[in-house]
Each structure stands twice: as structure tokens, then as C-alpha cells.
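In: What follows is a predicted protein model with its sequence.
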Amino acid sequence: MKQEKQKSKKVNSFISNIKLPYNLNELQWNKEHTQNLQRKYCYCGKDRTLTTLNLQCIHCKNWFHVECLKNQKLIASKSSIVPFMTNYRFVCQLCSPKESFEKVTASWKDAINAAFANLSVERLRKEGLINKHGHGISIIPEGYWFDKKDGICPFLDKHWEALCTNRARTPTWWATVGSCMYTSKDNYIAKDEHARSAASEFILLDRDLFNLRPTGQGVPSLKGSSSNSESSKNKSKSEKSSKSQSVHKKSNSISDISSKNQKASLKSSKSSTKLSNSSSLSSLSNSYSSYSNSSQQSVLSRKNSKIIKKNNSFSIKLQEVSLNELIDNLDTSNNLKEHLYNKNGYKYERVEVDKKLKNLIFKKKREFTSLESAIHLCPFDCDSSITISRNGLTAHSNGGFRMARTNYGVKEGNWYFEIIVNKAGHGIGQQRTTNGPNVRVGWSRREGNIK
């Protein structure tokens, strides 16, 4: 209640030079603050429209027609805006001496939502459900399905400047759009949920077009009086304290440290500490350093670990372990090909110390010592859905078209490989059906993608 009173006072202080045809304090808004019962918005006091862009102020949350802006120069061109776009920051003249409008980079969901809304409005206008003034039904009727091929992607391509500001038009952006609609079940409903795919036809889960609004990404908080700034500081402090409390709850190795023992360095030998997830600790990396809770690292954490206190902050330091001991503790199964840190272009491989130049040169560890220099499939250089036998000569996969590389590239000589396909076609000879699974086999250059 106090915040609402402060907001109303701030708005009224800027209304002194602008006379509105309605009383802001009498408006009854819905929970999303997108519609009010009085249907009065903007400087003009008229209803919202479906055929033109309505901007929501980031401060008072009121809606304003783009044609009613006091400063029309804020909009660079008509091609830079479309109705229902949400990738912007707007401040009205009721909350600031001057209006401000700034485009921001939209998420794929925001851009796709705007495409759904405009395609639906276009169809509603053709059916006479929206008049020339932009007033009419705001809830999308059933049966307004759109797919990425003929609906969403062509619209985004046409209005790329408006909806995909500062976003690169990569060769795979069509696939990204389809994947976004396919995976976002909380935003889009497929026409056939049992056969849901990236190529399916979709409709918005929330079919009320007026509920589309800026999601708040990149929108700054309300910058007002010093009391507001102090409250924001207090809020940030409380958030930090709550985060630190959650870290202490999740990490047994840190939560076991009492306030009495914080002034002394603690040592634990062969402790069975369980480290919390690295994602929850990454936000407090300046105060804590830890490792993720994986099976390989839990083995290492049992080694003599030291908890050291530095400037009122604790860090966990593991005792140095020899490389051979490290390799022995690691799991030698096929699961290591998806290493914890195999991302962003980095790929980790197991190595061993060169006996002639110890601690200086490391070489890739051989997994199949019995084969020596024989060619075999590498279990750490293949797709995650492929299972390779211990001798490196046989691979199994049920995940579609996948690839596994060998330890050496073949450049010359005579060689061959055999492929056995199980359960393909569901029959033999004339009994084979045509709707069975398809099999695609072959070989690739070393630059081929294992995916």
C-alpha cells in the first residue's frame, strides 16, 4: 500500500502540466496490469487498439497509443515498430518530464508471440471481427493455428528490424524458431500434442492479445527518490543474505562451520563432504569456490581437503593428487565422453605423463593397450547416444544418425567396415513394411560433426 501511494504521488507530481480526461486513482486494473474495467488509457483516455502499437510505461504500467506520443521523433520509422512488439523500454510524460523510448533485443519467445498476435489480428480483420479503428475481439478464437514454415518465420523475416533488433540472422534461425515453439509448452499449444514437433501448428496458450506485454528483460528498476534507492539497496542486501543462507544449507562442508570456529582454519581428513551444485555457488564465487557434485569429483573430495579462511570468506582447497591416482579414480566407462566441462568449444581428454619428461609433457592416454597402434573407435570422440565396446571395434546406437571417430584417420591402404542393422523395416522380403525405421550409414571426413 505504501508503494502504491508513493507511486500515485509521483505520478501526480508530473501530471501538473497534463490534464487527463480520467482519474488514474479510479482505474481498476487486472492482475497483469494490461486492462482496466473503465477501458481508459493513454493521454487521450480512449481504449486500447489491436491494429497499432500500444506502449506500456515501465513506471506507471499504463498503456499509450504510439500515435498519441508527445514526441513523435522517438519512433525512427514505421518499419521499426509493429503492433504487440515487447522489445522496448518506454517512459511516459506522466512519470518523467520527457518521454523516452528505446529498442532492446527481444527473446525468441517475445518475437514469436508478436508474430502470433499480428497474424491472428490479420485473420480477425479479414473475418470482420476487428473494425477499421482497431477495436473488436481481443481473444484469439479456436482454430487459429500457425506453423513456422508458412506463418511465423515469414512474418519474422519481413519484420526482422522491428522484432529481432540487434540479432544476427544466422542460417539456422528458422530451426531455432521451431525448436523454441516445440519446447515451450508453457507458451504454445500444438494442434496435435501427441505428434508435437518443431513443424507442428501452434496457437498461443494465453489467447488474450492484450495480455502480451514487456517481460521485463533488461528493463531498469524504478529510479526515484533516495528512499527508493535505499530500499533497493536493502533488497539487494537481503537477496545476498538469502543466497548465502541457501548456500550454507546446500553445502554441508560450509554449513557445519559454526560461528565459534570461524576465526580458526579448519582441517578435515578423509571427509565425506558433499559439494553443492556449481550453479548455486557460481553467484557467490568471490566468497566461495567449490566443485560440482559429480561422481568423479566426489571421489577427489574425499582426499585430504582444507577449508581456509581468508578475509571472512571460506574456500575449499583439495590436497594435490598425483596424475596417476587421478586417472585411476576416474570412471573408465563410456560416460566420460560427455565431460562436465565439454562445452563452449572445449573438449577435455584424459592424458598421462611422459615417462622421459615428467611434469613437462603429457600425451593422450591409450584406452586400448592391447590393440596398441590398431585402428579402433574412440569412446571419447563420439556422440553421447553411441555405445562402444571395450575393444573399440563395435558400436551400438539407437539415437538416429550419429557418428563416432576413430583413433587414427585412414589416408591410404585397403580397409573396410561392416554394419549390422537390427529391427529395420519390421520384416524380411515381401513381408517387409514400408513404414518402418530408415537407416542411413556411411563415413565422414575428420571435420564431420559427431552430432
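Out: Arrived safely. Numbering: from 1, shown residues only.

In: how about Trp174, secondary structure?
Out: For Trp174, the assignment made with DSSP: H, G, I helix; E, B strand; the rest coil gives helix.

In: isn't it right up against Lys148?
Out: Yes: with contact defined as Cβ atoms under 8 Å, Trp174 reaches Lys148; the gap is 6.5 Å. For the C-beta atoms, the positions are set from N, CA and C on the backbone; glycine is no exception.

In: ok, the two, which is more surrounded?
Out: Lys148 (25 against 17; other Cβ atoms under 10 Å).

In: thought that one was touching Gly178?
Out: Yes: using Cβ under 8 Å, Lys148 is in contact with Gly178, at 4.6 Å.

In: who touches both of these two?
Out: Taking Cβ atoms under 8 Å, 6 or more residues apart in numbering as the criterion, Lys148 and Gly178 both touch 198-199.

In: Just the strands from the stretch 101-250 of the chain, written as ranges.
Out: Assignment of strands within the stretch 101-250 of the chain using DSSP state E, counting those that start in this stretch yields the ranges 188-190, 202-204.

In: possible to save those as a markdown table with distance to Trp443, mean neighbour count and mean pLDDT?
Out: Below are the strands of the stretch 101-250 of the chain laid out as a markdown table (distance: least, Cβ to Cβ, whole Å; neighbours: other Cβ atoms under 10 Å; pLDDT from 0 to 100):
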| stretch | distance to Trp443 | mean neighbour count | mean pLDDT |
| --- | --- | --- | --- |
| strand 188-190 | 37 | 19 | 91 |
| strand 202-204 | 38 | 21 | 92 |
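
In: Out of the ones you listed, which is closest to Gly442?
Out: Gly442 lies closest to strand 188-190 among those, at 33.2 Å (Cβ to Cβ).

In: quick one: contacts of that closest one?
Out: Strand 188-190 is contacted by residues 112, 181-182, 196-197, 200-205 when judged by Cβ under 8 Å, 6+ apart.

In: now with 10 Å?
Out: Residues from elsewhere that reach strand 188-190, judged by Cβ atoms under 10 Å, 6 or more residues apart in numbering: 109, 112-113, 116, 145-147, 152, 180-182, 196-197, 200-205, 207.

In: Okay, and which of these map to helices?
Out: Per DSSP state H, helices hold the following members of those: 109, 112-113, 116, 180-182.

In: can you give me the helices in this structure?
Out: Counting by DSSP H, the chain has helices at residues 2-14, 108-126, 153-158, 160-163, 173-183, 226-250, 252-255, 278-282, 295-301, 323-329.

In: care to break the protein down by domain?
Out: Using automatic domain parsing, the domain ranges for the chain come out as 1-167+209-221, 226-318.

In: Select from those the stretch with the lowest mean pLDDT.
Out: In terms of average pLDDT, domain 226-318 trails the rest of the domains of the chain, at a mean of 42.

In: hmm, back to that, any of the contacts of strand 188-190 buried? List them.
Out: Neighbour counting by 16 or more other Cβ atoms under 10 Å classes 109, 112-113, 116, 146-147, 152, 180-182, 196, 200-204, 207 among the contacts of strand 188-190 as buried.

In: circling back: will you turn the strands of the stretch 101-250 of the chain into JSON lines that also has distance to Gly442?
Out: Compiled in JSON lines, those are given as follows (distance: least, Cβ to Cβ, whole Å):
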{"stretch": "strand 188-190", "distance to Gly442": "33"}
{"stretch": "strand 202-204", "distance to Gly442": "35"}
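
In: wait, which of those is closest to Asn62?
Out: Closest approach to Asn62 among these (Cβ to Cβ): strand 202-204, 23.9 Å.

In: nearest spatial neighbour of Thr170, skipping sequence neighbours?
Out: Nearest residue to Thr170, sequence neighbours excluded (Cβ to Cβ, 6 or more residues apart in numbering): Thr176, at 7.7 Å.

In: neighbours around the one you found, how many?
Out: Thr176 has 14 neighbouring residues, counting by other Cβ under 10 Å.

In: Hmm, it is touching Ser107, no?
Out: No: using Cβ atoms under 10 Å, Thr176 is not in contact with Ser107, being 11.3 Å away.

In: Spell out which residues sit in contact with Lys73, please.
Out: Listed by Cβ under 10 Å, 6+ apart, the contact partners of Lys73 are 99, 101.

In: Lys61 versus that one, what's the distance?
Out: Lys73 sits 24 Å away from Lys61, taking Cβ to Cβ, to the nearest Å as the criterion.

In: Repeat that for Val91.
Out: As for Val91, its distance to Lys61 is 11 Å (criterion: Cβ to Cβ).

In: the more surrounded of the two?
Out: Taking neighbours as other Cβ under 10 Å, Val91 and Lys61 compare with Val91 leading, 19 against 16.

In: and the more buried one, what are its bridge partners?
Out: On the basis of DSSP bridges, Val91 is bridged to Ser100.

In: Give me the number of neighbouring residues for the residue nearest to His396 when sequence neighbours are not counted.
Out: Nearest residue to His396, sequence neighbours excluded (Cβ to Cβ, 6+ apart): Thr387, at 4.8 Å. Neighbour count of Thr387, defined by other Cβ under 10 Å: 15.

In: While we're on Thr387, how confident is the model there?
Out: Thr387 is given a pLDDT of 79.
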